[in-house]
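*Asks:* Okay, predicted coordinates and the sequence, questions at the end:
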Amino acid sequence: MEWLVVHLWPVSFLTIAVVDDLLYKKFHNLLFIALATAGLVYAFGDSSLSWQQSLLGFFVGGLVLLPLVLANAIGAGDMKFMMCLGLLLGAIAIFWVFVYALFWGALIGVLKALLSGQGIAVFWRTLGIFQRIRPNQTSKIPFTVAILFGWLTWLQMGGLS
């Protein structure tokens with residue numbers, strides 16, 4: 001039963017965030033407030049983590065994505081969602097979810113570019129970054145999907161075992 005509860009919270013959060021991101025191309029502030037509140041209730045209640053570990057996960061979830069938000073690579077909603085997920089997983093787990101999500105985000109971005117016929121343009125924009133040329137357009141992906149795949153990868157690699 002404990003296994004179900006420990007997985008049910010993140011699955012619920014991830015499902016809500018992915019659906020919101022795919023439908024509206026953003027993570028709404030009202031959802032952030034609702035999920036952060038639910039995460040805090042969980043952290044101070046039935047969580048397998050201490051409330052200190054949960055709060056540290058909240059801050060780490062924001063800090064790891066802050067450089068990407070400041071570089072305009074992802075939206076601030078993705079960062080806020082990682083903060084909410086950090087409440088459930090703690091600092092170490094949310095860091096690894098972030099690492100795996102980066103991999104999945106890159107893969108999704110490349111596949112999206114190739115399928116839309118923009119593969120060559122993405123190659124030249126990437127090359128321009130190394131030459132310190134600012135690209136004039138970016139192609140955003142629903143990063144919550146990458147976070148979902150990152151969480152699933154983390155689970156497969158032994159998370160919550």
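*Replies:* That came through fine.
*Asks:* tell me which element Leu111 falls in.
*Replies:* If you go by DSSP states H and E, Leu111 is part of helix 91-115.
*Asks:* low-confidence ranges in the protein?
*Replies:* In the prediction, the chain carries residues with pLDDT under 70 at positions 1-6, 119, 121-139, 160-161.
*Asks:* Please enumerate the helices of it.
*Replies:* Remark: helices assigned in the chain by DSSP state H are 2-24, 29-44, 51-70, 76-89, 91-115, 119-130, 143-156.
*Asks:* Rebuild those helices as JSON lines, extending it with mean neighbour count.
*Replies:* From N, CA and C alone the C-beta is placed, and that goes for glycine too. Listed next are the helices of the chain as JSON lines, based on neighbours: other C-beta atoms under 10 Å:
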{"stretch": "helix 2-24", "mean neighbour count": "15"}
{"stretch": "helix 29-44", "mean neighbour count": "16"}
{"stretch": "helix 51-70", "mean neighbour count": "18"}
{"stretch": "helix 76-89", "mean neighbour count": "26"}
{"stretch": "helix 91-115", "mean neighbour count": "18"}
{"stretch": "helix 119-130", "mean neighbour count": "12"}
{"stretch": "helix 143-156", "mean neighbour count": "22"}
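*Asks:* quick one: contacts for Ala146?
*Replies:* Ala146 makes contacts with 101-102, 104-105, 108, as judged by C-beta atoms under 8 Å, 6 or more residues apart in numbering.
*Asks:* 7 Å instead?
*Replies:* Applying C-beta atoms under 7 Å, 6 or more residues apart in numbering, we find Ala146 in contact with 101, 104-105, 108.
*Asks:* Run the angle between the helix holding Leu111 and helix 76-89 for me.
*Replies:* Counting by axes from the mean of the first three to the mean of the last three C-alpha atoms, to 10 degrees, helix 91-115 lies at 140 degrees to helix 76-89.
*Asks:* With distance to Gly77 as added columns, please give the contacts of Ala146 in CSV.
*Replies:* Converted to CSV, these look like this (distance: C-beta to C-beta, whole Å):
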residue, distance to Gly77
Ala101, 14
Trp104, 17
Gly105, 14
Ile108, 17
